[in-house]
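Enquirer: sequence and predicted structure are below.
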Amino acid sequence: MSGTAGPNEGVISLPGVYLEESDNFDISLRRFKKQVEKAGILSELKKRQHYEKPSVMRKKKKAAARKRLLKKMRKINQM
């Protein structure tokens, strides 16, 4: 592989909603908010707001995995 960037390398695709004159603003705003949530922009912004050491990131990742596992085990035991 060469060291050059690909055609889409570094390109950020932001969500957008195109409005027509007949479109309701509230519905369009709701669609935009849903696209922003799906793209994960706000959660990424919150993560990058402050520097987090790699060791702290690993601890959080491990804790989240444990939480998911416990939740899955609780769900299985309820059946």
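Expert: In hand now; what should we look at? Residues are numbered from 1 along each chain as shown.
Enquirer: all strands for the chain, in order.
Expert: For the chain, applying DSSP state E gives no strands.
Enquirer: in it, where is pLDDT below threshold?
Expert: Scanning the chain for pLDDT under 70 picks out 1-11.
Enquirer: in the helix ranked longest in it, what counts as buried?
Expert: Criterion DSSP state H: the longest helix present in the chain is helix 54-78. By 16 or more other CB atoms under 10 Å, helix 54-78 has no buried positions at all. From N, CA and C alone the C-beta is placed, and that goes for glycine too.
Enquirer: what is the burial count for Ile41?
Expert: If you count neighbours by other CB atoms under 10 Å, Ile41 ends up with 14.
Enquirer: residue contacts, it?
Expert: Contacts for Ile41 (CB atoms under 8 Å, 6 or more residues apart in numbering) come out as Leu14, Pro15.
Enquirer: distance of it from Lys59?
Expert: 25 Å (CB to CB, to the nearest Å).
Enquirer: with Gly16 instead?
Expert: Gly16 sits 37 Å away from Lys59, going by CB to CB.
Enquirer: which parts of this protein belong to which domain?
Expert: Segmentation of the chain into domains, based on automatic domain parsing, reads 13-48, 53-79.
Enquirer: got the end-to-end distance for the first one?
Expert: Think domain 13-48. End-to-end span of domain 13-48 (CA to CA, to the nearest Å): 18 Å.
Enquirer: next one: phi and psi at the residue most central in space within the chain?
Expert: The structure's the chain has its C-alpha centroid closest to Gly40; by CA atoms, centre = their mean the separation is 2.4 Å. In terms of degrees, to the nearest 10, the main-chain angles of Gly40 are phi 80, psi 30.
Enquirer: numbering from 23 from now on, please.
Expert: Yep, numbering from 23; the last one is Gly62 now.
Enquirer: how far away is it from Met95?
Expert: Going from Gly62 to Met95 by CB to CB gives 27 Å.
Enquirer: do the same with Ala87
Expert: For Ala87, the distance to Met95 - CB to CB - is 13 Å.
Enquirer: same thing with Leu51?
Expert: Per CB to CB, Leu51 is found 40 Å from Met95.
Enquirer: how about residues contacting the longest helix of the chain?
Expert: Residues outside helix 76-100 that contact it (CB under 8 Å, 6+ apart) are Glu74.
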